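In: Please work out how this folds:
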Amino acid sequence: DIGTERYTFNFTIRDSPTYFINVQSWGREEYIRSLSESFRVGDCVTIENPLIQSKEAEREEKFNPVTPSAYKLLLSENHSVVKTSPCYDTDTRLLSLLHLPVKDPQDYYSLGDIVANGQSLHGRVLNVLAAVMAVSE
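Out: Down below sits the predicted model:
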């Protein structure tokens, strides 16, 4: 509907060390808020009735992880369902995927690289691998 606010929520799922895919959802604020609060990083999910779409690599991979797939999953508020499931009980292989990055280990900049080469990196979009020591107001 023209003039209606729409919200988005994107995430990446994986079921093997090699294969992972980006998921995009659009909808009303209540739907997106509920979806984003329904699972956490590391949860196992079942996605029912997603729409499979070709991804636009140049546009989408600037702000999403680069995936080996030429496709993305699109969740529809009216047709798709995301359910958490206790899959670690049935498939312990999924546990080993929790700590695998979705980026090539050679595709990151360290904070030291950014400090040392800041002028030449100005205006570029980079991947940064860093550890968070503390979070505060």
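
In: all contacts plus neighbour counts: C-alpha atoms, from now on.
Out: OK.

In: got the contact list for whichever helix in the chain runs longest?
Out: Ranked by residue count, the top helix of the chain under DSSP state H comes out as helix 29-37. By CA atoms under 8 Å, 6 or more residues apart in numbering, the surrounding residues in contact with helix 29-37 are Glu5, Arg6, Tyr7, Thr8, Phe9, Ser25, Trp26, Glu77, Val82.

In: now the strands for the protein?
Out: Applying DSSP state E to the chain gives strands spanning 7-14, 20-27, 44-48, 51-54, 71-75, 81-85.

In: Just send those strands back as a markdown table, with distance to Val102, mean pLDDT and mean neighbour count too.
Out: Converted to a markdown table, those look like this (distance: least, CA to CA, whole Å; pLDDT from 0 to 100; neighbours: other CA atoms under 10 Å):
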| stretch | distance to Val102 | mean pLDDT | mean neighbour count |
| --- | --- | --- | --- |
| strand 7-14 | 9 | 91 | 16 |
| strand 20-27 | 8 | 92 | 19 |
| strand 44-48 | 16 | 90 | 15 |
| strand 51-54 | 19 | 94 | 12 |
| strand 71-75 | 15 | 94 | 20 |
| strand 81-85 | 21 | 89 | 14 |
